[in-house]
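Have a look at this prediction, sequence included:
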Amino acid sequence: MNRVEEIHQRLSEAIRYSSLSQKEIAEKLGISPSTVSKYTRLNVFPALETFAELCEILDVSADDILGLK
């Protein structure tokens with residue numbers, strides 16, 4: 001597995017195991033639930049600003065998602 005796949009896997013898991021639904025996450029980010037779904041199913045990544053907000057919403061460290069720790 002390459003680094004990008006690992007990052008996607010960690011991001012996907014953080015979303016899946018969140019106490020929030022994909023719909024709730026989408027509402028907090030101001031995006032569609034289908035976009036959040038793409039973050040978990042496809043090799044689609046949020047924009048940097050959205051990524052930062054997503055980490056805050058999910059209460060996860062960006063360093064953890066990016067594999068820097």
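Cool, the structure landed.

What ranges does this protein have for its helices?
3-16, 22-29, 33-41, 48-58, 62-66 (DSSP state H).

would you turn these into TSV with mean pLDDT and mean neighbour count?
Using the backbone N, CA and C atoms, a C-beta is placed for each residue, glycine as well. What follows is the helices of the chain, written out as TSV (pLDDT from 0 to 100; neighbours: other C-beta atoms under 10 Å):
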stretch	mean pLDDT	mean neighbour count
helix 3-16	95	15
helix 22-29	97	16
helix 33-41	95	16
helix 48-58	97	15
helix 62-66	96	15
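
what residues are up against the nearest residue to Ala52 once chain neighbours are set aside?
Nearest non-adjacent residue to Ala52, counting by C-beta to C-beta, 6 or more residues apart in numbering: Ala62, 6.6 Å away. Contacts for Ala62 (C-beta atoms under 8 Å, 6 or more residues apart in numbering) come out as Phe51, Ala52, Cys55.

The first one contacts Phe45, doesn't it?
If I follow you right, that is Phe51. Yes. If you go by C-beta atoms under 8 Å, Phe51 and Phe45 touch, sitting 7.1 Å apart.

what's near enough to touch the nearest residue to Ile57 once chain neighbours are set aside?
Nearest in space to Ile57, with sequence neighbours left out and distances taken as C-beta to C-beta, 6+ apart, is Lys28 at 5.1 Å. Residues near Lys28 by C-beta under 8 Å, 6+ apart: Leu20, Glu53, Ile57.
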